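J.: predicted coordinates and the sequence they were generated for:
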Protein chains: 4
Amino acid sequence: MIPTPTARSDRKRKELVDAAYQRLASAGFEGLRTRDVAGAVGVNVATLHYYFPTKEALIRAVVGHAMSRFASTLSAEGTPAQQLRAHFAGLRRLVRTEPQLMAVMGELALRSTRDPALAAILRQGDDAWHAWLLRLLGPAAKDGALPAGRNPSDVAALVMATLRGLYMLPPESRNPKRGEQALRELERSLGI
Amino acid sequence: MIPTPTARSDRKRKELVDAAYQRLASAGFEGLRTRDVAGAVGVNVATLHYYFPTKEALIRAVVGHAMSRFASTLSAEGTPAQQLRAHFAGLRRLVRTEPQLMAVMGELALRSTRDPALAAILRQGDDAWHAWLLRLLGPAAKDGALPAGRNPSDVAALVMATLRGLYMLPPESRNPKRGEQALRELERSLGI
Amino acid sequence: MIPTPTARSDRKRKELVDAAYQRLASAGFEGLRTRDVAGAVGVNVATLHYYFPTKEALIRAVVGHAMSRFASTLSAEGTPAQQLRAHFAGLRRLVRTEPQLMAVMGELALRSTRDPALAAILRQGDDAWHAWLLRLLGPAAKDGALPAGRNPSDVAALVMATLRGLYMLPPESRNPKRGEQALRELERSLGI
Amino acid sequence: MIPTPTARSDRKRKELVDAAYQRLASAGFEGLRTRDVAGAVGVNVATLHYYFPTKEALIRAVVGHAMSRFASTLSAEGTPAQQLRAHFAGLRRLVRTEPQLMAVMGELALRSTRDPALAAILRQGDDAWHAWLLRLLGPAAKDGALPAGRNPSDVAALVMATLRGLYMLPPESRNPKRGEQALRELERSLGI
DNA sequence: TATGAATGAGCATTCATTCAT
DNA sequence: GATGAATGAATGCTCATTCAT
């Protein structure tokens, strides 16, 4: 089937968003240039502005893309314990197969200080993540899988903080082996 | 005593570094401008370049400043458990009294992807932090203060990852209450 | 009767010219954009370029439109004195009902410095206007309606200069009441 | 005497304003480019922006320059009739020696439709011009130099409208001889 | 030491124009 | 006839850096 004009146009939009996403991951907001993004897709800068009126609009689209990529990690099946394990495994895999995502999330998080709209979006994602973890940790607490006396909500917050610390800040800034250590220890403390 | 030329010169260097540090915290690398830094100190941009040949050189000095500020958190006295408690309390206080430091550390961490020299410096700090925690957690493990079977080195890595996640990424990107929850849970899990 | 393709095509051309005319009046050459003109008619910019190969061609058409609108003021009936009075009244009315025309004429006049072809067209209009006034003022001079010793050609030139000064330069640049004063005084000096 | 830095800086500012003034006269607002202005002075565009933060600021300075040039025509000595004659002669000379001024005034007048601040400035100039003419025409009316029954204020308004029509719209848009005719006739009607 | 003045290279954005469909 | 998509060449403005004084 020949793609309709709209479909082709949609594809180019996505290509541009993806190119911007890649550049944001590799160069940061500091080094994000519309010309580079356009060039990566093989089009003129003016074409980029045909699809996105401003750089800001492009960035918003990248934010949406990153958030949806991140959200995809939260879908799983099986028992709560299995899902939790799958979540950790999924993140590990994601970091290996698409390290850009975490770099982008880190950039977005840092930028949220100066961009209230972005902050709101990130907080929404944060809430969704917490709610999702809570659904898994609640039953685990009843089963006794979670050490007695631990509040599932607090545990979820701890898990999130740790995973952020591990993944949203680049491994280059740490001793490489320490990431694996921390993750293992976190899993152990959750009994998974 | 009248400050010698060198002493006065040193003071101006420090003023410039501090101004750059503040701007980096508030505007990020993305918004760091030499003119603003010079302006904050009340001197001409050209003067800034007299003290720091390039923007890069200024940034290096800021890195040094931030690292030494951070290292100062690691000095403490008392029993290991007391020191650990003091470390957490110190970080909490630091975040309140000098929130810029963590913002700067986050910016530096993200930048380390594109700046091997910076990455090396951050890794050194990381190692020092880990060693310092290990000195506190080792005895704790022997005392049984740490739950049985937990490897002090892994626990230290977990602590570091969590604190990074909590402090080096800005609170704007999270649900505000979740930070305190995570920190409490971390302390609880360490038995402090 | 269904309009033939050519008739429909002609109508669209006119719509575009009129839209360009309106934009020229309100935004000046400085702010005249082909996209805006096309948008005002509800068509794509490419469609505009189907009818007018270049922006210049569109402008030429606007010039023609403006000149013909202006020429329409010169048709009148009655005695010379009546016609002269009607001319003044017509201009007054025109300024009220179609202020764009004078704005456009002003823009064109200013542009004529850099556009010899336009200058030639305007001079033609100028000559026609002068000839027409002369036809009215000549008899008036013989009747003694014009003060003795006044050369009708010179008087016509004076009338034209004054009306240009009053109408082709926007009222915003003057004290508003001064326009009516000048016009009244001009009429009085002509004995009408 | 060696010019102080400020004096040299002032000179460059003036050079830039003058270059902008010339470009505005020759190319209009439509064709006014900061790069051209800078180039005419032999400096980089960035230098232009060192002196004038925005193009608008430069334009404001040009407005001030043009207004003061224009105001200089209003200073004269002698009897009212002599001054009036000198005013006309001065304008004639100005048009010959500095035709740019009138072109610029025309551009400013046209722009005043879209620039309220500019409109206010032009109206001030208009008021000053009217007041000045009134001071000359009032005595003339008493002397009987002005035909009986003519209101000096109205006559002044007529003079201004005519001179605007003659000078602020470029001669290219008219039959060249008509300008001189109109001016002569105006002078004759004023008895000078 | 300090600065006013200057700049090259670059940046996001604009705009008339083109062309395949 | 009409349009969505694309672009080359600007355009106003920025910024780290240089240099004569």
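T.: Good, I have the coordinates.

J.: domains of chain A?
T.: Split into domains by automatic domain parsing, chain A comes to A:5-53, A:64-190.

J.: do the shortest one and chain B meet?
T.: Think domain A:5-53. Yes - counting by CB under 8 Å from any CB of the partner chain, chain B has neighbours in domain A:5-53: A:26, A:27, A:28, A:29, A:30, A:31. From N, CA and C alone the C-beta is placed, and that goes for glycine too.

J.: residues in contact with the first one?
T.: The neighbours of residue A:26, taking CB atoms under 8 Å, 6 or more residues apart in numbering or on different chains as the test, are A:100, A:103, B:113, B:114.

J.: ranking the residues of domain A:5-53 next to chain B by neighbours, who comes first?
T.: residue A:28 (23 neighbours; other CB atoms under 10 Å in any protein chain shown).

J.: next one: the closest residue to that residue other than its chain neighbours from residue A:66, what distance?
T.: Sequence neighbours aside, residue A:107 is the residue nearest to residue A:28 in space, at 5.7 Å (criterion: CB to CB, 6 or more residues apart in numbering or on different chains). According to CB to CB, to the nearest Å, residue A:107 and residue A:66 sit 9 Å apart.

J.: the longest helix in chain A is where?
T.: Longest helix of chain A, by residue count under DSSP state H: helix A:116-143.

J.: so is it next to chain B?
T.: Yes - Helix A:116-143 is in contact with chain B by CB under 8 Å from any CB, via A:116, A:119, A:122, A:123, A:126, A:127, A:130.

J.: got the contact list for the residue nearest to the third one when sequence neighbours are not counted?
T.: With sequence-adjacent residues excluded and distances taken as CB to CB, 6+ apart, residue A:122 is closest to residue B:173, at 4.2 Å. Under the criterion of CB under 8 Å, 6+ apart, the neighbours of residue B:173 are A:108, A:109, A:112, A:119, A:122, A:123, A:126.

J.: quick one: low-confidence residue ranges for chain A.
T.: Along chain A, the model assigns pLDDT under 70 to residues A:1-5, A:76, A:141, A:143-145, A:148.

J.: and the most centrally placed residue in it, how far is that from DNA strand F?
T.: The geometric centre of chain A, computed from its C-alpha atoms, lies nearest to residue A:70 (CA atoms, centre = their mean), at 3.8 Å. Distance, residue A:70 to DNA strand F, using CB to the nearest atom of the strand, to the nearest Å: 28 Å.

J.: for residue A:180, same thing?
T.: 38 Å.

J.: residue A:87 too?
T.: Noted for residue A:87: a distance of 38 Å to DNA strand F, by CB to the nearest atom of the strand.

J.: secondary structure element for residue A:149?
T.: Assigned by DSSP states H and E, residue A:149 belongs to neither a helix nor a strand.

J.: neighbours around it, how many?
T.: When neighbours are defined as other CB under 10 Å, residue A:149 has 7 of them.

J.: let me know how buried residue A:56 is, in neighbour terms.
T.: By other CB under 10 Å, 11 other residues sit near residue A:56.

J.: what packs against the helix or strand containing it?
T.: Using DSSP H and E, the element containing residue A:56 is helix A:55-71. Identification of packing neighbours for helix A:55-71 by 3 or more CB pairs under 8 Å, 6 or more residues apart in numbering or on different chains; DSSP states H and E yields helix A:5-27, helix A:34-41, helix A:99-111, helix A:116-143.

J.: interface residues of chain A facing DNA strand F?
T.: Residues of chain A lying near DNA strand F by CB under 7 Å from any atom of the strand: A:5-6, A:8-9, A:12, A:42-47, A:49-51.

J.: near DNA strand E, list only the ones from these.
T.: By CB under 7 Å from any atom of the strand, the members of these lying near DNA strand E are A:45, A:46, A:49.
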